[in-house]
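Asks: Generate coordinates for the sequence data below:
(chains A and B)
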Amino acid sequence: MKKEIIIIMVLAAILLSVITIARPGGILAGEEAYYHLSVASTQEKNSMTAIERPVFASEYDYLLGAAFLFFNPILFMKIFPIIIGAVCAVLFYLVSKRIIDKTSAFYASIIFILSPPFIYIFSANSAEMIPLFLLLLGAFLLVQEKRYLPYMAIAPFLIASLNSMFAAIMALVAYATYFLVKRDKKYFAASSCALVFLTLSWLRPNFAVSYSMSGLSPLSNLFSDLGGMMGVSVFTAIFFIVGLIVSKKREYAYPAIICLAISFLIAPVTLVYGNAVICAFAGAGLNNFIAKKWKLNNLKQTMNFLMIGGIVFSAASHVNVLKETGPSAGVIEAANWLNKNTGSGSVILSSFQNGLVIESVAGRKAVGDALFYNTADFGRLLNDSNEIFYSRTLEKTERLLNKYDISYIMIDDNMVNGGVWKNKNDGLLFLLTNQETFPTVYDSGGVRIVYYAK
Amino acid sequence: MKDYRKLVWLLFLAIVIIRLAIAFSSPYFDYDSYFHIKHIENIAQTGLPAWNDQLSYGGGVFVFSPLFHYLMAALSLIVPIGIIGKIVPNVLYALLVPLSYYIANEITGKRKLALIAPVVVAFMPVLWSNIFSLNPLCITIPAIFYAFYCVVKENDPHRISKFLVSVVIAAFSSPISIIAIPILWGYLLFLRVGKTKIESELVEVSIFSTFFIVLTQFLFYKNAILANGASVIWQNIPAEIIRNYFAQVSILDIIANIGILPFIFGIYYIYMFSFEKKKESSSLFVAIALAAGILIWARLIPVQTGMIFLGLGISVISVDTIKQFMDYFQKIRFRKARLVMALLAIFFLFSAAIPAFGYFQASKQSIPGESEINGMLWLRENSSENSVIAGSVKDGFMINEVAKRRNIIDGNFLMNPYSEERFQDVSALYTTNFETSALELMNKYSSKYIFFGKNVRTEYNASKLNFEDKKCFLNVFDENNVKIYKTWCQLE
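Replies: Down below sits the predicted model:
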């Protein structure tokens, strides 16, 4: 057993380290990391945006806030996810071992580590890291045979429930499944459910929070190979179906599967939890596949290689995509320049993707960021931003710039090369040629900042 | 027992000669072939295709299945592409003729009767529409059908290896190889429903083929899949022209493409298949016909490709129908059976030959004329290297390959996110009455030349540019209704 745990820990640590090393210097992968950096560093009660937005503080933000008192923030945000990712992978193995056989659990853990959702949340500093860890810890305690350990599971489940409504629902599903398996513990399961439910009713946290905007269809969000940042691999999905068919204990997983399927349609981010269930069955499917005897043995060997290659390919492909996500070095430098050279109350207009970087690194107000996606103001804000970006009428643009009290406009290469505009003279780019009204105050590393003198 | 194989190979030779004679009647290929020619030439020169093609859409990324292009590049080192590009596709398509004989022979067990299949395939109208075409399907389709032949050829000890090699060839040459997956699983389903014992090797190769094809397509087209998601099936084709590629087809269209007699016999066989237990081997070709039919109906596969699969599947199973009728005539001692068959054969020849000729005529319209090529050569000699040429979608590849200049749009929509917008702009350019609108569009793409050829007339129903008499557009080339205009004006 120890050998397997070491292999799992080392594999998880190496894989997550690759993305960390691939990002130069002090740059974190993804936009969400900068949100947590901002909230944890400033502990602001109000959002750093031109119009008020709720601050979606998670348990991870509080953890970071405490850690920043002792550690360098960027270093901590690079090392901590690797450690907790490795621990989660081990917990997953230990939980799976109790539910399916040892070999299947090992395969499931490898698939779990190579799964795009795992790679994403532990390399992009996703807030889902902590509730996932807590839910796995709770599940680990729940499946133990020692008398008092299952009762201790309520603690991590309750703490996870504080993060989001969805985590609380997962805790309820875990107890419901436990009840299905251990009928003699029904009073314990029922009372634990009641406690979680009470916590949920009292706190009423958000269902789930999206930290990035995805314009993809549900099908594309479901699979990383179709572009879903937190999607599963198609090959894992195939093994999941095989595992579901061959598994004798599949009916116990039905409550979780149904719940996760519905949650995915409400908030795609919940797939990171569904991934654990998918990987568990995929491990069983892969084990069944490898163990089955084929008449054409050479073909079988090639097949094993292909399947494992497919899963590894999806993981490698996702690592490659993640290496490129998040702000470029140029954007980070520009944000640092804003921090040093602009007034503290300045409002910066840029694309929503840069919003969180402006708030955290520059410490300035952004007009909008990806978190507005979770609010009712998103539509209005997006319309106004688009009007500013695409209008060639100075009067109309100035009216909107004044509405949000915008002092600076930050434009990066992504925005010019298709992210916002297709041609160099589209909309606002045309107006910015007027250097009197919009003097360029910074131009380096593919990022230009212009000042708007009202 | 008489061996009719020599006869079949003679028929093959005749078809090859006819196809090549027609193919070499013009030195040019159809418009879409120039895309493949460009990459074949690049591979022959540099060993790599033009991954980042600066000429297409003013700069774009190319995704492809490599086998066909590398094979043609290797051959073009020995024989010029203008010759080998005509020989190889026509020979490969003609190979479907003897292949259908061998398949029909396996299914029916009757060598004489099996001769019907190659004759039907030889005259299948849809196969006469690609004589001037140079594209990877000429490898993929024969490879897939050879793989299916290996499935039904039970007495061959090496059939599994041959099947796997064919699948690998198909997977490496075109994404259309994915059609083999529903066909194989449809076949296994029919066997299961018919309570036929399924060989475990068959299941194992089917599983392997499925995963191999899916994995290779993910490898080759990963970027396209990431860019387009599930809609990669429709290749990002602009809405206005997608119906040309994924058209709604009617029964009449199917009959026109594969012939009325094969269609009737094939449908009759599929109908009887639903009620009676049939041979295992014919189940595979029923699966081919049904899978192709469903994919065409659901618009998940280009029409022409689907028709080829449908036609080949139906041609093979229609032989079994004819065998049943012959057996029935024999049973009832119908004296005029031979006369009936002779009349059917004559009717078939007329009913297939006429549409086949029609398709052949249509395929001649899909190749550029001398004037268009001269126009492209004029552009090559008289415009600067960085020039952008405005042309229709069909002219796009020729602008790249013959004129060696940049285009605004071509048929490679897959990796170009602005294809819809560019299509709208080019349409507007050829239909606008206003010089300023035309100038605005030209300036948008930094283009100074407009190519006005046969395709523009057909696609936009235009006989001339509505603003051609204006001072900003000068006619710099005019030959047999092919015109090139140049502008020096810039809209402020």
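Asks: Angles on the backbone of residue 453, please.
Replies: Just so you know, I chose chain A. phi -90, psi 110 (degrees, to the nearest 10).
Asks: that answer is for a different chain, and I need it for chain B
Replies: phi -130, psi -160.
Asks: Verify the contact between residue B:226 and residue A:228 for me.
Replies: No. Contact between residue B:226 and residue A:228 fails when scored by Cβ atoms under 8 Å: they sit 9.7 Å apart. Glycine gets a C-beta too; all of them are placed from N, C-alpha and C.
Asks: ok, the two, which is more surrounded?
Replies: The neighbour comparison of residue B:226 against residue A:228 (other Cβ atoms under 10 Å in any protein chain shown) goes to residue A:228, with 25 against 17.
Asks: Name all residues that make contact with the residue lying closest to that one once chain neighbours are set aside.
Replies: Among residues not flanking residue A:228 along the chain, residue A:221 sits closest, at 4.2 Å (Cβ to Cβ, 6 or more residues apart in numbering or on different chains). By Cβ atoms under 8 Å, 6 or more residues apart in numbering or on different chains, the residues touching residue A:221 are A:214, A:228, A:230, A:231, A:264, A:268, A:271.
Asks: Need the max-distance pair from those residues.
Replies: A:214 and A:264 (12.5 Å; Cβ to Cβ).
Asks: Compare these two (neighbour count), which wins?
Replies: Shown here are residue A:214 and residue A:264; by other Cβ under 10 Å, residue A:264 has more neighbours (19 against 16).
Asks: any idea how far that one lies from residue A:77?
Replies: 27 Å (Cβ to Cβ, to the nearest Å).
Asks: For chain A, what lies in contact range of chain B?
Replies: With Cβ under 8 Å from any Cβ of the partner chain as the criterion, chain A comes near chain B at residues A:216-217, A:219-220, A:225-227, A:234-235, A:294-296, A:299-300, A:302-303, A:306-307, A:309-310, A:313, A:317, A:321, A:418, A:422-423.
Asks: Show the backbone phi and psi for residue B:322.
Replies: phi -60, psi -40.
Asks: same thing with residue B:146?
Replies: Dihedral angles for residue B:146 - degrees, to the nearest 10 - are phi -70, psi -40.
Asks: For the stretch 101-250 of chain B, which residues are neighbours of chain A?
Replies: Neighbours of chain A within the stretch 101-250 of chain B, by Cβ under 8 Å from any Cβ: B:160, B:164, B:200-201, B:204-205, B:207-208, B:211-212, B:214-215, B:218-219, B:222, B:225-227, B:229-230.
Asks: List only buried entries from these.
Replies: Using 16 or more other Cβ atoms under 10 Å in any protein chain shown as the burial test, these include B:160, B:164, B:204-205, B:207-208, B:211-212, B:214-215, B:218, B:222, B:225-227, B:229-230 as buried.
Asks: Ramachandran angles for the residue in the stretch 151-300 of chain A that chain B sits nearest to?
Replies: In the stretch 151-300 of chain A, the residue that lies nearest chain B is residue A:220 (3.8 Å; Cβ to the nearest Cβ). Per-residue torsions, residue A:220: phi -70, psi -40 (degrees, to the nearest 10).
Asks: residue contacts, it?
Replies: Residues near residue A:220 by Cβ under 8 Å, 6+ apart: A:226, A:227, A:228, A:231, B:229, B:230.
Asks: any idea how far it is from residue B:231?
Replies: 9 Å.
Asks: Run through the residues that contact residue B:431.
Replies: Shown in contact with residue B:431 (Cβ under 8 Å, 6+ apart): B:460, B:462, B:466.
Asks: In helices only, show me those.
Replies: residue B:460 (DSSP state H).
Asks: Tell me where the chain has strands.
Replies: Looking at chain A here, since you left the chain open. A:347-349, A:365-366, A:408-412, A:440-444, A:447-451 (DSSP state E).
Asks: wrong chain, I was asking about chain B
Replies: B:52-53, B:60-61, B:388-390, B:406-407, B:449-452, B:473-479, B:482-487.
Asks: Under the pLDDT cut-off, which ranges of the stretch 301-450 of chain A? List them.
Replies: For the stretch 301-450 of chain A, the stretches with pLDDT under 70 are A:374.
Asks: if you set the cut-off to 90 instead, what comes out?
Replies: Where the stretch 301-450 of chain A drops to pLDDT under 90, the residues are A:301-329, A:343-346, A:351-387, A:390-396, A:404-405, A:413-437, A:445-446.
Asks: Isn't residue A:171 up against residue A:196?
Replies: Yes. Under the criterion of Cβ under 8 Å, residue A:171 makes contact with residue A:196 at 5.0 Å.
Asks: so what sits against both of those two?
Replies: Counting by Cβ under 8 Å, 6+ apart, the contacts common to residue A:171 and residue A:196 are A:157, A:158, A:161.
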